[in-house]
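>>> Give me the fold of what follows.
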Amino acid sequence: MKAKRPVLLVLLLLAAPAAVQAQSGSGDGYDYTINPENTSTITITEYAGPGGAVIIPTNINNLLVTSIGGNAFLNCASLTNVTIPGSVTSIGGNAFGECIGLTSVTIPNGVTSIGYQALEGCTSLTSITIPGSVTNIISLLYAPFGYCLSLKAITVASENLFYSSTNGVLFDKSQTTLIQCPSGLRGSYAIPDSVTSIGPEAFKYCTSLTNVTIPDSVTSIGGDAFFYCTSLTTVTVPNSVTNIGSQAFDGCTSLTSITLPNSVTTIGDGAFYGCTSLTTVTIPNSVTGIGESAFQDCTGLTSVTIPDSVTNIGVVSFYECTSLTNITIPDSVTSIGESAFALDTSLTAITVDSANVFYSSTNGILFDKSQATLIQYPGGLRGKYTIPAGVTSFGATAFYKCINLTGVTIPASVSSISAGAFSGSGLTNVTIPGTVTNIGDGAFASCSSLLSVAIPDSVANIGDFAFRDCHSLTNVTIPNGVTSIGGGTFYDCYSLTSVTIPASVTSIETDRGASWYGAFEFCFSLTSVYFTGNAPYVDLDVFDSEGATAYFSDPQWTNFPTRFYRLNMP
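Below is the predicted model of the structure:
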């Protein structure tokens with residue numbers, strides 16, 4: 001049997017199909033590949049010419065040009081005009097993307113397919129004509145001519161069987177789907193009554209559009225449909241619409257009001273992200289879900305009404321709504337995403353309906369139902385706060401950037417302070433109970449007013465960047481129980497003058513990410529480092545201070561070379 005195995009291997013290798021590799025070449029300032037289905041034809045893959053007015057040749061090296069590949073002219077800023085030969089049948093995705101000097105393009109009656117974002121970012125292009133031969137303009141997720149800020153008209157040949165245009169706006173043939181409105185459109189626009197769907201990115205970057213009328217025939221508004229329409233002031237969504245896509249009105253900074261009908265069931269992710277002029281929102285009782293970042297950075301929003309129909313409030317859905325003063329969670333809500341109300345610096349109360357079986361509130365603070373987890377402390381509350389006994393854990397950003405919080409008392413029921421829990425808050429002091437064993441990564445990072453912190457003996461681990469950028473912290477004693485000090489733990493605590501490190505510490509780390517961060521790096525005021533035991537070996541950049549002195553309780557410390565630390569600037 002052994003003698004037959006090599007024969008079998010040879011037979012298998014002979015049976016394996018040979019890999020087909022497209023042949024490539026260059027000529028006349030173009031790189032190309034030979035189309036394997038017809039070796040007398042080629043696809044242009046890259047233009048290497050000087051730009052200006054370009055007439056693409058019908059033949060290169062006696063090979064017929066039938067396709068312009070994806071990215072072929074991408075970022076060709078010097079290109080001003082382009083004429084495509086009649087032999088070309090397809091234009092690839094981003095073929096002329098970011099050709100910012102392109103003012104005109106001639107597409108011949110022979111092209112059948114125009115790829116996604118084929119002319120995206122051609123900011124000088126004023127008009128474009130789609131010939132009758134085109135059967136497919138790929139626009140499933142992206143508009144084909146997005147960010148063409150000077151584009152005033154998209155004209156489709158009347159004989160085209162798949163697409164049409166009216167007043168320079170691109171539709172499918174039946175005009176039930178509005179595919180793209182040219183970005184250069186100004187003033188008001190009324191969508192025709194035949195339209196049932198507003199496609200993705202349909203009005204994206206129409207920065208001079210001031211208002212739009214959506215007819216009752218429309219049932220769906222696609223993702224990014226009105227993205228960055230910065231002059232749009234008001235929108236009335238008709239009762240026929242059931243879905244508002246993700247980022248549909250993202251960046252509409254002049255939008256002051258929006259009327260949502262009872263037909264809408266879902267508000268997509270980022271639907272109104274960054275609508276900074278939006279002041280009030282009433283969510284209809286047909287809505288069941290508020291998407292991730294749906295109203296994030298709506299800094300002018302002062303009030304929002306969430307109806308009993310809503311079951312899910314997405315991650316960071318109302319994040320950094322800095323004018324929002326209060327919010328009520330109805331009994332229907334079963335899920336609130338992480339940081340949904342974080343960085344709402346004017347928020348003084350989150351009130352949960354007492355009938356809610358998943359969440360609760362006390363004194364305007366959001367908890368889970370059992371009040372074992374403190375989910376969100378409102379960013380507008382001032383002064384000191386005593387966390388109720390019974391709380392065992394915190395939400396990821398429970399006190400994140402609560403700049404008006406000056407002091408906090410943590411109860412004995414807490415054993416771990418989660419990563420980032422108090423990051424960026426206004427704390428001047430904090431009391432940590434003797435039950436806490438872990439201080440998570442970045443737990444008190446950027447608490448720039450924190451003057452002192454008493455770390456109890458129960459703590460065994462202090463995470464990476466736990467006290468990073470605590471610029472007012474002057475001294476710290478690491479308790480005898482801590483075994484590990486993470487990378488960058490006290491990074492840039494530039495007022496820190498002394499630190500005591502106990503014998504229990506076995507590891508002082510340097511964060512080894514994209515950059516290295518020593519535990520006490522950039523602590524420029526550090527003058528004294530006290531080691532109470534056999535200090536461990538550390539990387540050179542753990543300490544980075546000018547003129548500091550290390551002190552050791554062990555009289556034999558000079559016999560241990562690993563105890564010499566760099567405490568001077570390099």
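
>>> Run through the helices of the stretch 301-450 of the chain in chain order.
Assigned by DSSP state H, counting those that start in this stretch, the stretch 301-450 of the chain shows no helices.

>>> actually the stretch 1-150 of the chain, sorry about that
Going by DSSP H, counting those that start in this stretch, the stretch 1-150 of the chain shows helices at 5-15.

>>> Same question for the stretch 151-300 of the chain.
Using DSSP H, counting those that start in this stretch, no helices are assigned anywhere in the stretch 151-300 of the chain.

>>> Just give me the residue right at the centre of the chain.
By C-alpha atoms, centre = their mean, the mean C-alpha position of the chain lies nearest to Ser293, the distance being 9.5 Å.

>>> Confirm for me that it is in contact with Ile313.
No - using C-beta atoms under 8 Å, Ser293 makes no contact with Ile313, being 11.5 Å away. For glycine as for every other residue, the C-beta is placed from the backbone atoms N, C-alpha and C.

>>> Next, count neighbours for Asn363.
9 (other C-beta atoms under 10 Å).

>>> now swap in the one 4 residues further on and tell me
Number of residues near Phe367 (other C-beta under 10 Å) recorded here: 22.

>>> tell me the strands in the stretch 201-350 of the chain, going along the chain?
Remark: strands assigned in the stretch 201-350 of the chain by DSSP state E, counting those that start in this stretch are 209-213, 220-221, 234-236, 243-244, 257-259, 266-267, 280-282, 289-290, 303-305, 312-313, 326-329, 335-336, 349-352.

>>> quick one: the closest residue to the residue nearest to the centre of the chain other than its chain neighbours and Pro85, what's the gap?
Taking C-beta to C-beta, 6 or more residues apart in numbering as the measure, Ser293 lies nearest to Gly270, with 4.3 Å between them; neighbours along the chain are not counted. Remark: distance between Gly270 and Pro85 (C-beta to C-beta, to the nearest Å) = 42 Å.

>>> neighbour count winner among the two?
Neighbour count, other C-beta under 10 Å: between Gly270 and Pro85, Gly270 has more, with 27 against 17.

>>> Wait, the more buried one touches Phe295, no?
No - in this structure Gly270 lies outside contact range of Phe295 using C-beta under 8 Å: 9.1 Å.

>>> residues contacting the residue nearest to Ile258 when sequence neighbours are not counted?
Closest residue to Ile258 apart from its sequence neighbours, by C-beta to C-beta, 6+ apart: Val235 at 5.4 Å. Taking C-beta atoms under 8 Å, 6 or more residues apart in numbering, we find Val235 in contact with 211-212, 214, 226, 249, 255, 258-259.

>>> Would you agree Gly481 is in contact with Val459?
Yes - contact criterion C-beta under 8 Å: Gly481 and Val459 qualify, at 6.0 Å.

>>> Out of the two, name the residue with the larger neighbour count.
Using other C-beta under 10 Å, the more surrounded residue of Gly481 and Val459 is Val459, with 21 against 17.

>>> need the contact list for the more buried one.
Val459 neighbours (C-beta under 8 Å, 6+ apart): 432, 436-439, 479, 481-482.

>>> Correct me if wrong: Leu141 contacts Gln117.
No - using C-beta under 8 Å, Leu141 makes no contact with Gln117, being 9.4 Å away.

>>> out of the two, which sits in the busier spot?
The neighbour comparison of Leu141 against Gln117 (other C-beta under 10 Å) goes to Gln117, with 24 against 13.

>>> per-domain residue ranges of the chain.
Structurally, the chain divides into domains by automatic domain parsing as follows: 22-151, 382-570.

>>> Check those for me: which has the lowest mean pLDDT.
The weakest mean pLDDT among those belongs to domain 382-570, with a mean of 83.

>>> and which of the contacts of Val459 is nearest Leu79?
In terms of C-beta to C-beta, no member of the contacts of Val459 lies closer to Leu79 than Ile439, at 57.1 Å.

>>> So what touches stretch 423-431?
Applying C-beta under 8 Å, 6+ apart, the contact partners of stretch 423-431 are 397, 399-410, 422, 442-447, 449-454, 472.

>>> and the contacts of Val459, which of them are in strands?
Members of the contacts of Val459 lying in strands (criterion: DSSP state E): 438-439.

>>> possible to save the contacts of Val459 as TSV with distance to Ser90?
Converted to TSV, the contacts of Val459 look like this (distance: C-beta to C-beta, whole Å):
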residue	distance to Ser90
Ile432	65
Val436	64
Thr437	63
Asn438	59
Ile439	59
Pro479	69
Gly481	69
Val482	65
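
>>> roughly how far apart are the closest residue to Gly251 other than its chain neighbours and Thr123?
Computed as C-beta to C-beta, 6+ apart, the closest residue to Gly251 that is not its neighbour in sequence is Tyr228, at 4.0 Å. Per C-beta to C-beta, Tyr228 is found 14 Å from Thr123.

>>> ok, now Val111?
Using C-beta to C-beta, Val111 is found at 23 Å from Thr123.

>>> So these two - more neighbours on which side?
Val111 (20 against 17).

>>> The more buried one reaches Ile84, doesn't it?
Yes - here Val111 reaches Ile84: they are 7.1 Å apart, a contact under C-beta under 8 Å.

>>> shared neighbours of these two, anything?
Ile91.

>>> Pass me the low-pLDDT residue ranges in the stretch 251-400 of the chain, would you?
For the stretch 251-400 of the chain, not a single residue meets the criterion pLDDT under 70.

>>> picking that back up, top of the contacts of Val459 by neighbour count?
Neighbour counts for these (other C-beta under 10 Å) peak at Ile439, which has 26 neighbours.

>>> didn't that one look like it was pressed against Ile455?
Yes - using C-beta under 8 Å as the test, Ile439 is close enough to Ile455 to be in contact (7.4 Å).

>>> okay, and the common contacts of the two?
Shared contacts of Ile439 and Ile455 (C-beta under 8 Å, 6+ apart): 432, 462.
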